[in-house]
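Colleague: Okay, predicted coordinates and the sequence, questions at the end:
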Amino acid sequence: MKAALLFTGSGPLVIVTSHASLTDPALTEKLRAKGIEKFIAYEVPVPMARERYGGHFQVVMRDLHESDDLRVLDFNGERAFRLFRLAELGPPVMFEDEKAA
C-alpha cells in the first residue's frame, strides 16, 4: 500500500492505493476517470498518514473493498499542507497523460 500527496490542476489531494507504482497504468486510468490527467506526486509513508489522519484514516480504510485499489484520503489541499512538511515527502513522481496534451 502507498499513500501520496498529489498536486493536480484542481489542487492537492492525498490518496491511498494498493498499486506498486504511482504511474501504474491501471491507477492512472482511475485518476483519469476522476479528471486527473497529469500530476506531480510525493509518496507519504503510510504509517505517517495513518498517524496524521487518525480516525479518518481508519474510516477510509475500513470502507476499502477487495476490488478497490484507490482511496482518496483528503480532498482538502490546505489541510494536507498543514499535516505534511515538504521535507517529509519522497522524491517527486511526475505523470502526464500523452492523450491530454
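Modeller: That came through fine.
Colleague: would you put the C-alpha positions of the least confident helix or strand in the chain by mean pLDDT in PDB?
Modeller: Lowest mean confidence among the helices and strands of the chain (mean pLDDT, DSSP states H and E): helix 55-62, at a mean of 86. Only the C-alpha atoms of helix 55-62 are listed here, as PDB (Å, rounded to 0.1, in the frame of the first residue of the first chain):
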ATOM      1  CA  GLY A  55      -9.600   8.100  12.900                       C
ATOM      2  CA  HIS A  56     -10.300   9.400   9.500                       C
ATOM      3  CA  PHE A  57      -7.600   7.100   8.000                       C
ATOM      4  CA  GLN A  58      -9.300   4.200   9.700                       C
ATOM      5  CA  VAL A  59     -12.700   5.100   8.400                       C
ATOM      6  CA  VAL A  60     -11.400   5.400   4.800                       C
ATOM      7  CA  MET A  61      -9.500   2.100   5.100                       C
ATOM      8  CA  ARG A  62     -12.400   0.200   6.700                       C
END
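Colleague: tell me how far that helix is from the chain's mean position?
Modeller: Taking C-alpha atoms, centre = their mean, to the nearest Å, one finds the center of helix 55-62 at 15 Å from the center of the full chain.
Colleague: That one: what's the following helix or strand?
Modeller: Per DSSP states H and E, the first helix or strand lying C-terminal to helix 55-62 is strand 70-74.
Colleague: Extract the residue ranges of this structure that are flagged as low pLDDT.
Modeller: 63-68, 100-101 (pLDDT under 70).
Colleague: one step back: contacts for the least confident helix or strand of the chain, please.
Modeller: By C-beta atoms under 8 Å, 6 or more residues apart in numbering, the surrounding residues in contact with helix 55-62 are 16, 49-50, 53, 71-73. Every C-beta, even on glycine, is put in place using the N, C-alpha and C of the backbone.
Colleague: Of all pairs in those, which one is the farthest apart?
Modeller: Farthest pair in the contacts of helix 55-62 (C-beta to C-beta) is 50 and 72. Separation: 15.5 Å.
Colleague: between these two, who's got more neighbours?
Modeller: A side-by-side neighbour count of residue 50 and residue 72, using other C-beta atoms under 10 Å, places residue 50 first with 16 against 13.
Colleague: For residue 78, see how far away that one is.
Modeller: Residue 50 sits at a distance of 20 Å from residue 78 (criterion: C-beta to C-beta, to the nearest Å).
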